[in-house]
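> predicted model follows, preceded by the sequence.
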Amino acid sequence: MASLEEQIKKRRTFAIISHPDAGKTTLTEKFLLYGGAITLAGSVKGKKTAKHAVSDWMEIEKQRGISVTSSVLQFNYEGYCINILDTPGHQDFSEDTYRTLMAADSAVMVIDASKGVENQTKKLFKVCLLRDIPIFTFINKMDREARDPFDLMEEIEAELGIRTYPINWPIGSGKEFKGVYERNKGRIMTFEANNGQSEVKATEVELDDPSLKQEIGEQFYQTLCDDIELLDGAGYEFDLDEVRHGKLSPVFFGSALTNFGVEPFLENFLQMTTSPLPRNCKTGEIDPFSQDFSGFIFKIQANMNKAHRDRIAFMRICSGKFEKGMEVYHVQGNKKMKLMQPQQIMAQEREVVDEAYAGDIIGVFDPGIFSIGDTLCTPSHKIEFEGVPTFAPEHFALISQKDTLKRKQFVKGISQIAQEGAIQIFQELNSGMEEVIVGVVGVLQFEVLEYRLNNEYHVEIRREGTPYQFIRWIANEGIDPKKLNLTSDTKRVQDLKGNYLLLFANSWGIQWALDHNEGLELEEFSRN
Ligand code: G4P
């Protein structure tokens with residue numbers, strides 16, 4: 001039996017981020033194949049089955065089912081135990097996507113080589129920056145026409161503000177994709193085109209091998225030599241410490257679909273990342289190798305079964321070992337308890353877990369007592385982790401109940417759903433709850449809210465659009481929002497915790513607020 005230290009040392013917990021269609025699912029699938037977790041590519045998750053009418057609750061549940069099974073995937077590879085956290089994209093993009101990043105120790109960013117840095121990647125990247133986690137870049141789809149690799153590097157640096165270090169370098173792209181040059185090994189891995197469909201063969205050739213020129217052609221050979229000179233002369237130096245602090249992103253070129261460059265990526269990634277890192281609690285850092293178990297809840301999946309109103313809370317284990325049936329202390333509830341139905345997702349199967357270690361993610365049954373950010377720990381060693389931030393919603397609606405006699409149920413329902421973290425609610429200063437402004441990160445959440453209020457609380461609601469596009473928390477302590485000098489279309493509101501925020505109709509309004517109120521600090525997330 002491996003010791004606690006050995007178990008934790010071999011763990012790697014990372015999230016994969018990308019804009020939809022960049023190839024996240026394909027890459028995940030290839031990782032799983034290497035781990036022997038699946039034998040057939042194309043079976044990770046049926047993206048096509050996830051496309052459906054959002055108004056149908058059964059479909060929403062189905063979709064949630066899909067995101068539960070694909071929330072976390074664990075597999076073993078070369079002595080490592082790997083936890084991949086999926087960050088849902090497409091219509092189910094929501095605040096959960098951001099929260100998931102709070103549970104990861106590093107992130108893999110997949111970029112489509114013909115498109116470069118896209119919108120959703122930018123949003124997710126910003127969240128990674130909050131914690132300075134290492135970010136590895138996989139530039140995918142090199143078997144298709146791609147943009148110039150130097151341009152792509154420049155764009156990543158300019159758009160995301162992170163330095164890059166290419167670990168390998170592409171030779172051509174699309175029909176002319178010849179392979180990649182591995183900089184640290186000084187050799188070429190050649191790509192043998194195979195109609196871009198199934199796996200391709202990769203052969204290794206030394207850079208000074210006389211057959212290389214013939215194999216890739218005189219022109220590509222010359223371009224490669226020039227590129228190498230430029231990279232070595234003008235590029236950044238490789239610095240592992242900078243990688244581990246999220247300042248320098250190692251970049252890999254490849255093609256997930258044809259399985260080209262995936263294994264070298266995984267190997268480099270595993271060498272450059274570390275085992276689970278210490279986490280901050282309110283009194284200092286918690287060592288993952290500590291004998292005392294601790295973890296925090298980062299995501300709650302509500303109402304999988306309507307009849308029971310049950311929920312699954314996802315917990316990231318931060319230290320020690322979790323054992324089924326063990327007694328834990330729920331800090332926010334001030335209660336000792338046993339976690340019920342702990343489960344883990346091994347490849348695609350949900351399994352009851354008997355034990356899990358720091359770095360692992362487990363799902364536990366939640367009878368409605370947990371909130372996002374809650375700490376669970378060994379009763380004899382009480383600690384409290386820093387909470388999970390709340391992220392600025394991007395869509396807003398004015399919600400009110402149709403039947404004014406149902407006010408009580410309305411307030412209860414909407415508050416409970418907000419506490420679960422599915423939506424955020426904002427009120428005008430000194431106003432009641434007749435009408436609330438609801439903010440969501442993904443528009444699907446509006447449908448979920450409407451359905452759940454109707455179905456679980458028997459309240460019908462009216463939903464109206466608002467002119468607001470942006471929201472920012474006021475970070476300054478003790479400021480009176482009424483005294484701020486703002487454009488007439490900026491609204492002052494409060495969240496459930498009493499924090500002050502400003503709602504803006506456009507980005508110009510944000511700039512106005514900053515320009516006309518000296519020292520005003522506005523933030524896109526709230527740590528309280
Ligand atoms: P996502 O999870 O990031 O949304 O992307 P996903 O992996 O589903 O990939 C999106 C599309 O891009 C898929 O095609 C996939 O086959 C294709 N793709 C992924 N990696 C590569 C690659 O390296 N090269 C090429 N040429 N294509 C790649 P689709 O037609 O939308 O779906 P499907 O019918 O193949 O499932």
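All right, it came through fine.

> for this protein, which spans come out with low pLDDT?
Counting by pLDDT under 70, the chain shows low-confidence ranges at 37-71, 88-93, 193-201, 302-310, 345-350, 433, 528.

> not counting sequence-adjacent ones, nearest residue to the residue nearest to the spatial centre of it?
When C-alpha atoms, centre = their mean is applied to the chain, the residue found nearest the centroid is L101 (3.9 Å). Sequence neighbours aside, V127 is the residue nearest to L101 in space, at 4.8 Å (criterion: C-beta to C-beta, 6 or more residues apart in numbering). C-beta: built from backbone N, CA, C; applies to glycine.

> check the gap between the one you found and the ligand for me.
With distances taken as C-beta to the nearest ligand atom, to the nearest Å, V127 is found 17 Å from the ligand.

> name the residues that touch the helix or strand where that residue lies?
Under the criterion of DSSP states H and E, V127 resides in helix 119-130. Contacts to helix 119-130, defined as C-beta atoms under 8 Å, 6 or more residues apart in numbering, come from residues 17-20, 22, 87, 89, 93, 97-98, 101, 107, 109, 111, 135, 159-162, 246, 389, 391, 524-525.

> helix or strand right after it?
Next helix or strand after helix 119-130 toward the C-terminus (DSSP H and E): strand 135-140.

> CA atoms only: put the next helix-or-strand element following that next one into CSV for me.
Using DSSP H and E, the next helix or strand after strand 135-140 towards the C-terminus is helix 149-160. Listed in CSV are the C-alpha atoms of helix 149-160, where the atom choice follows Å, rounded to 0.1, in the frame of the first residue of the first chain:
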residue,chain,number,x,y,z
PRO,A,149,3.1,30.6,-35.1
PHE,A,150,4.9,33.8,-34.2
ASP,A,151,1.7,35.7,-34.7
LEU,A,152,-0.1,33.2,-32.3
MET,A,153,2.6,33.7,-29.7
GLU,A,154,2.4,37.4,-30.0
GLU,A,155,-1.4,37.3,-29.7
ILE,A,156,-1.3,35.2,-26.5
GLU,A,157,1.2,37.5,-24.9
ALA,A,158,-0.7,40.7,-25.9
GLU,A,159,-4.2,39.5,-25.2
LEU,A,160,-3.6,37.5,-22.1
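
> helix 149-160 packs against which elements?
If contacts are counted by 3 or more C-beta pairs under 8 Å, 6 or more residues apart in numbering; DSSP states H and E, helix 149-160 sits against helix 119-130, strand 135-140, strand 163-166, helix 218-234, strand 248-253.

> please redo it, this time with the cut-off set to 7 Å
Applying 3 or more C-beta pairs under 7 Å, 6 or more residues apart in numbering; DSSP states H and E, one finds that helix 149-160 contacts helix 119-130, strand 163-166.

> one step back: show me the contacts of helix 119-130 that map onto strands.
Counting by DSSP state E, the contacts of helix 119-130 place 17-18, 107, 109, 111, 135, 391, 525 in strands.

> please identify which pair of those residues lies farthest apart.
Using C-beta to C-beta, these span at most 23.9 Å, a distance reached by I111 and F525.

> out of these two, which sits in the busier spot?
I111 (25 against 16; other C-beta atoms under 10 Å).

> skipping adjacent residues, who's closest to the more buried one in space?
Spatial nearest neighbour of I111, excluding adjacent residues (C-beta to C-beta, 6+ apart): I139 at 5.1 Å.

> would you map out the domains in the protein?
Using automatic domain parsing, the domain parsing of the chain gives 4-272, 279-377, 390-526.

> residue ranges for the helices of the chain, please.
Using DSSP state H, the helices found in the chain span residues 4-9, 24-34, 57-69, 95-102, 119-130, 149-160, 210-216, 218-234, 240-244, 262-272, 407-420, 444-457, 507-516.

> just the ones you listed: most buried one?
Mean neighbour count (mean count of other C-beta atoms under 10 Å) peaks for helix 95-102 among the helices of the chain, with a mean of 24.

> tell me what angle that one forms with strand 106-112.
Using axes from the mean of the first three to the mean of the last three C-alpha atoms, to 10 degrees, the inter-axis angle of helix 95-102 relative to strand 106-112 is 130 degrees.

> from the contact counts, what lies against helix 95-102?
Packing partners of helix 95-102 (3+ C-beta pairs under 7 Å, 6+ apart): helix 119-130, strand 294-301.

> rewinding a little: chain center to the helix holding V127, what's the gap?
9 Å (C-alpha atoms, centre = their mean, to the nearest Å).

> just the CA coordinates of that helix, formatted as CSV?
What follows is helix 119-130, C-alpha atoms only, in CSV (Å, rounded to 0.1, in the frame of the first residue of the first chain):
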residue,chain,number,x,y,z
ASN,A,119,-13.5,35.2,-26.2
GLN,A,120,-14.3,32.4,-23.7
THR,A,121,-10.6,31.6,-23.4
LYS,A,122,-10.0,35.2,-22.3
LYS,A,123,-12.7,35.0,-19.7
LEU,A,124,-11.4,31.8,-18.2
PHE,A,125,-7.8,32.9,-18.4
LYS,A,126,-8.6,35.9,-16.2
VAL,A,127,-9.9,33.6,-13.5
CYS,A,128,-6.7,31.5,-13.7
LEU,A,129,-4.7,34.7,-13.2
LEU,A,130,-6.4,35.4,-9.9
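
> narrow the contacts of helix 119-130 to just the buried residues.
Buried by 16 or more other C-beta atoms under 10 Å: 17-20, 22, 87, 89, 93, 97-98, 101, 107, 109, 111, 135, 160, 162, 246, 389, 391, 525, out of the contacts of helix 119-130.

> and the gap between the residue of the chain most remote from its centre and the ligand?
What lies farthest from the middle of the chain is P210; by C-alpha atoms, centre = their mean that is 45.3 Å. Distance of P210 to the ligand, computed by C-beta to the nearest ligand atom: 31 Å.

> tell me how many other residues surround N334.
N334: 8 surrounding residues under other C-beta under 10 Å.

> residues in contact with it?
Shown in contact with N334 (C-beta atoms under 7 Å, 6 or more residues apart in numbering): no residues.

> do F14 as well
The contact partners of F14, taken as C-beta under 7 Å, 6+ apart, are 84-85, 104-108.

> same thing but at 10 Å, please
Going by C-beta atoms under 10 Å, 6 or more residues apart in numbering, F14 touches 82-85, 101, 103-108, 133-136, 269, 273.

> now for the residue nearest to I111, how many residues are close by?
Quick note: I139 (other C-beta under 10 Å) scores 28 neighbours.

> what's across from it in the sheet?
Applying DSSP bridges to I139 gives these bridge partners: I111, F253.

> tell me who's in contact with it.
When contacts are counted by C-beta under 10 Å, 6+ apart, I139 touches 22-23, 109-113, 116, 146-147, 149, 152-153, 156, 166, 168, 170, 251-255, 261.

> contacting the ligand as well, which ones from the residues you listed?
Among those, the residues lying close to the ligand (C-beta under 6 Å from any ligand atom) are 22-23, 255.

> let's have those residues in CSV, adding distance to Q409.
Converted to CSV, the ones next to the ligand among the contacts of I139 look like this (distance: C-beta to C-beta, whole Å):
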residue, distance to Q409
A22, 43
G23, 45
S255, 54
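
> on that earlier part again, I'd say the residue nearest to the centre of the chain and I133 touch.
Yes: the criterion here is C-beta atoms under 10 Å, and L101 meets it with I133 at 7.9 Å.
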